[in-house]
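Participant: Predicted model and sequence below, questions to follow.
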Amino acid sequence: MDGASQPIFTQAIDPAESQTETTRSPVAAPVVTVAAPAAAPPPVPFVPETTPGLANATSQLAAAHIQADGAAPASSEPPIASSSAPLEPGQAVFHPFPEQDPAGLPLTGFASIPSRAAVLPNAQPYTRPGRYSPPQVQLGKGLSRDPPQRRFVNDHELKASLTNGNSELARLPGVVHEDEVKTLSVDDLKKMGLGRLPSGFCYSARMTLHAPLPRTVDSNDPHPEQPARITGIFNKLLNGGLTSRMVRVQVREALREEVMLVHSEGHWDRVRATGFQTIEYLETCKEFFERLSLYVNPDSAFCARLSCGGVIEMARAVAEGQIRNGFAIVRPPGHHAEPEEAMGFCFFNNAAVVAKWLRTVYGARPGQPLQRDVNGKEIKMERILILDWDVHHGNGTQRAFEDDKDILYISLHRHGNGFYPGGDYGALESAGSGPGRGFSVNIPFMNEGMGDADYLYAFQQIVMPIAYEFAPDLVIVSAGYDAAKGDELGKMLVSPDGYAHMTHMLSALAGGKLLLALEGGYNVNSIAESAYACVKVIVGDELPAMPSLGSASLAATNTVADVKRFQAQHWKSMGCAVESDAELTKAGKIESLSDILKAHRVYHLFHEYGLFNVELSSPGLEEAFHDQLLVSEDVYDAEVLLVFMHDLGSMKAAYTAATLDTDLERTQLLDTSCEVLDWAMEDHAFGVIDVNFLSHLATVKGQGVDPSRDRAKEKELALHVWDNIVGMSAAQHVILFGSGAGCHALMDIIRNRPAVTDRVRACISILGLEPPPELDAASGVRPWYKQQSLVLLPSTHPLHEDARRAGKHQKKFGNIYRATAEDESRPTHLLHASMPKVKEFVATKIPQDALDRRPAASSTSAGSEGDAGSAGEGAKPAPVGVEANGTAAEAAAAGDGVAPAVTALSTSDNGGDVVMNGAGNA
């Protein structure tokens, strides 16, 4: 601010003098003469603070004082004190006055107030104010220690007080008039275009009556199906304030006719009959019910009817427009219950009954109009989507709609390795039958430890594209939370935020008509947190932000790719136009890629390592594994024999998504098995048996993949190799080396051939994220296997995280090590990264003199000259003890790069012949 607008602090001016001075004319630049200190200063005309000339006048007054004292002229201004306020534009500088130190620096701003007071017409010494002290207040005289009580009244109470003669009500102490706030109902908001239908929920404490009988409780069961499952969810929603924002739908018992839409009358009667049994009798049936993974008490049938009826009422409220979506907090669950059987804690299949009920009640009837909802819109319930994200396959739900094309069933679950409910039902090939073929979509994760990235990837790649193509009228979620992180039974890692995002994606279908019905989940805290996250989404709260998830795991992406490839024949949204064999045959000759790759491997390993192809005497094995068993020429004479069982490798292909045509020029084969052969044959004089399993391709020509049949064939081949080649070899030290699918074949030998303990010095297994093969205690070789084994797993394998059971893992799976510190889960890449560890391990198991042996130069160098030169360039000598037949020898001499075909003597202990061929058969 400028000098004219700063406040002036002085003593009070005499009113008479002030009145006289206000009538005088202002003086622009008065000249002031400083007299003796005792004399009063001459009067100075009063200048109002708003006068523009005030700054100039005060400047001249200051200059006069300085000149009188003999100081420097005003034009040479001294520096400003650092404690002073900065000068504003147009502000004059005040210099020290007589009562101050002449040598001091000029002051500006508020620091100049005492100096300015000294030059005013009524100049008085400046007195600084004293320290502030609050006034002494005596309570009780006009003040109260306690405030008065408040009372809020509205217009109705005020009008009533006037009628009663209390007209002074509004003036009483503590009475506050509360203005009336108009509240708008949901109907009013909807008419204004501002509202939306509320969400709903159903819950009944009566369903907690279903509980295990005291004598049937297993104290070792970490996750029983207990009443706390629904009370925990309900209390979480209640304390979180979500139930107050939702409509509560009443729970009722399901009727016999409703349940029989899916289940048989006999099933209804059997479940109902349990309610008429005594507790003592039901306790005697413990073993029977445990075989079905059930427990029963006299109230179980009643709770099952409540659970099914509650979901029906929720679906009715959604279909008729009373609620937008809903969450059914019910138990017992239902998705395992089959039409004729109760199992897996389930009695009636809630989701299946509701889907049938909706189509029965609201489905179109010939000659009759569709029913209408509360808003007058037609209710259309022709196509229902059931999405099952429970960690177990909903076998009962899929069986209920096996041949139904109007009910689409999609399930994400763990599968294989005996995981409940077990069997092949629920594999990706389980796609329905008859008219319903393709309307069952199974996404079977083969490994545990799947998390948010894996589930959301499956949603984006499969669930949502197929759901949009199907265009359902209502979506039912079999909302089991046993895939949640913290559930020891499911051993998955889905977070509450992951469930929220899956719910959000499903909310975009069917105009938002979404119904979540509780299924499994046995960690009460995990299911409560997960359910809370889902309900927050359906009531309209903001979707939680998730951190960077990274990429989905290799196991998940492989599963998704397999499902897309299989479902492409049923759904266009899968983006794969696969031509049938009949269509391809019309265009030309069909060659199996597996046959081409096997022929290449036979040719390559013969010319690079001198390995010979073996024709198997068993027709079934030869059909399944032709060109997949190769041996070195010293297989019967080597002191150290390596039995290497592995996958083919990894094909890096580029293709067009529309036609699946592979870009052959950019497709490459990554084969790390050659690194093992280099170590065994070039660094050491090991004999080699190379078994290539081609685990990802059909093993029997013209037949689809059958996991149970193929595993049996792999076991048969492994035992055949041991009996007919290893068993007849003179090797004193045998190394069993498995990679990928070969690890299971390696374990088949150890389980079924006790003689392995005599000559096998090392058992090496390199796997991905799949569980390693388990060695049964009945085999009797667990202590030996623990000493001789090296099991290399990725750093992210779930077994590494389960440190509490490390001792049990060592007994069942052998010595488990982290294959690499990197996040790598591909066996092909792990094989390369793990070779230093493998070499170090083998060096501790094989005698040093056997390791120090070096192969002859002619036995490993392709295209060697000398004795093999007459057979043509690149030809290999016949194995020791094997006589070459004339036809093969003549063929070898006729051209370059052709291996001689040789026939071995019979070495089979069961009378079979082993025939060894070179690359000529390729």
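Facilitator: Cool, got the structure.

Participant: For Tyr457, pull up the helix or strand it's in.
Facilitator: Using DSSP states H and E, Tyr457 maps to helix 452-458.

Participant: just the CA coordinates of that helix, formatted as CSV?
Facilitator: C-alpha atoms of helix 452-458 as CSV (Å, rounded to 0.1, in the frame of the first residue of the first chain):
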residue,chain,number,x,y,z
ASP,A,452,-6.8,-61.4,-10.5
ALA,A,453,-4.8,-61.1,-13.8
ASP,A,454,-5.6,-64.7,-14.7
TYR,A,455,-9.4,-64.5,-14.0
LEU,A,456,-9.8,-61.0,-15.6
TYR,A,457,-7.9,-62.3,-18.7
ALA,A,458,-10.3,-65.2,-19.0
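
Participant: can you list contacts of it?
Facilitator: The contact list for helix 452-458, computed with C-beta atoms under 8 Å, 6 or more residues apart in numbering, reads 389, 412, 443, 445, 483, 493-495, 497-498, 501-502, 546, 549-553, 555-557, 559-560. For glycine as for every other residue, the C-beta is placed from the backbone atoms N, C-alpha and C.

Participant: rerun that using 7 Å as the cut-off
Facilitator: 412, 443, 494-495, 498, 501-502, 546, 549-553, 556-557, 560 (C-beta atoms under 7 Å, 6 or more residues apart in numbering).

Participant: Ser430 contacts Phe439, correct?
Facilitator: No. Using C-beta atoms under 7 Å, Ser430 makes no contact with Phe439, being 11.4 Å away.

Participant: quick one, which of the two is more surrounded?
Facilitator: For Ser430 versus Phe439, neighbours defined as other C-beta atoms under 10 Å are more numerous around Phe439 (26 against 20).

Participant: residues touching the more buried one, list them.
Facilitator: 404-405, 407-409, 432.

Participant: which stretch of helix or strand covers Glu441?
Facilitator: Residue 441: Val, not Glu. Per DSSP H and E: strand 440-445 holds Val441.

Participant: What of Tyr817?
Facilitator: With DSSP H and E as the test, Tyr817 turns up in strand 816-818.

Participant: Break down the stretch 401-550 of the chain into its helices, ranges please.
Facilitator: 452-458, 464-470, 496-506, 524-538 (DSSP state H, counting those that start in this stretch).

Participant: I'd like to know which of those is closest to Thr360.
Facilitator: Evaluated over the helices of the stretch 401-550 of the chain, closeness to Thr360 peaks at helix 464-470, with 19.9 Å, by C-beta to C-beta.

Participant: Kindly export the closest one (C-alpha atoms) in CSV.
Facilitator: Extracted as CSV, the C-alpha positions of helix 464-470 are listed here (Å, rounded to 0.1, in the frame of the first residue of the first chain):
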residue,chain,number,x,y,z
MET,A,464,-17.6,-61.4,-22.1
PRO,A,465,-17.3,-62.0,-25.8
ILE,A,466,-19.4,-65.2,-25.6
ALA,A,467,-21.9,-63.5,-23.3
TYR,A,468,-22.4,-60.5,-25.6
GLU,A,469,-22.9,-62.9,-28.5
PHE,A,470,-25.4,-64.9,-26.5
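
Participant: Only the buried residues of that helix, if you could.
Facilitator: Using 16 or more other C-beta atoms under 10 Å as the burial criterion, the residues of helix 464-470 that qualify are 464-467, 470.

Participant: how close does the closest residue to Arg711 other than its chain neighbours sit to Leu306?
Facilitator: Leaving out its chain neighbours, the residue that sits closest to Arg711 by C-beta to C-beta, 6 or more residues apart in numbering is His744, at 7.0 Å. Between His744 and Leu306 the computed distance is 46 Å (C-beta to C-beta, to the nearest Å).

Participant: quick one, which of those two is more surrounded?
Facilitator: Leu306 (24 against 21).

Participant: looking at it, that one is touching Arg206, isn't it?
Facilitator: Yes. At 5.9 Å, Leu306 and Arg206 qualify as touching, with contact defined as C-beta under 7 Å.

Participant: Domain boundaries for the chain, per the record?
Facilitator: 1-127, 226-366+377-574, 613-852 (automatic domain parsing).

Participant: So which of the helices of the stretch 401-550 of the chain is nearest Leu792?
Facilitator: Across the helices of the stretch 401-550 of the chain, closest to Leu792 is helix 452-458 (C-beta to C-beta), at 23.0 Å.

Participant: And the average pLDDT for that closest one is what?
Facilitator: Here helix 452-458 scores 96 as its mean pLDDT.

Participant: next one: stretch 759-767
Facilitator: The model assigns stretch 759-767 a mean pLDDT of 93.

Participant: rewinding a little: please name whichever of the domains of the chain is nearest to Tyr603.
Facilitator: domain 613-852 (9.5 Å).

Participant: Now do that closest one: distance from first to last residue.
Facilitator: 28 Å (C-alpha to C-alpha, to the nearest Å).

Participant: got it, and stretch 796-814?
Facilitator: First residue to last in stretch 796-814 (C-alpha to C-alpha) measures 18 Å.

Participant: what's the answer for stretch 585-600, then?
Facilitator: End to end - C-alpha to C-alpha - stretch 585-600 spans 24 Å.

Participant: One more: stretch 510-521?
Facilitator: Terminal-residue distance, stretch 510-521 (C-alpha to C-alpha): 27 Å.

Participant: and Val691, helix, strand or coil?
Facilitator: Three-state call for Val691 (DSSP: H, G, I helix; E, B strand; the rest coil): strand.

Participant: show me what contacts it?
Facilitator: Contacts of Val691 (C-beta under 7 Å, 6+ apart): 628-629, 644-645, 717, 721, 742.

Participant: run the last query once more with 10 Å
Facilitator: 614, 625, 628-631, 643-646, 714, 717-718, 721, 738, 741-742, 745-746 (C-beta atoms under 10 Å, 6 or more residues apart in numbering).

Participant: After the lengthiest helix in the chain, which helix or strand is next?
Facilitator: With secondary structure taken from DSSP state H, the chain has its longest helix at helix 300-319. Once the chain leaves helix 300-319, the next helix or strand it forms, by DSSP H and E, is strand 325-328.

Participant: neighbouring strands for that following strand, and are they parallel or not?
Facilitator: Using DSSP bridges, strand 325-328 pairs in its sheet with strand 199-202 (parallel), strand 514-518 (parallel).

Participant: Now that strand - C-alpha only, CSV.
Facilitator: C-alpha atoms of strand 325-328 as CSV (Å, rounded to 0.1, in the frame of the first residue of the first chain):
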residue,chain,number,x,y,z
ASN,A,325,-30.1,-56.5,-9.2
GLY,A,326,-29.5,-58.4,-6.0
PHE,A,327,-27.4,-60.6,-3.8
ALA,A,328,-28.8,-63.7,-2.2
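
Participant: secondary structure class for Phe385?
Facilitator: Residue 385: Leu, not Phe. Going by three-state DSSP: Leu385 is strand.

Participant: Which pLDDT value does the model give the residue lying closest to it once chain neighbours are set aside?
Facilitator: In space, and not counting its chain neighbours, Leu385 is closest to Pro472: 3.8 Å by C-beta to C-beta, 6+ apart. On pLDDT, Pro472 comes in at 96.
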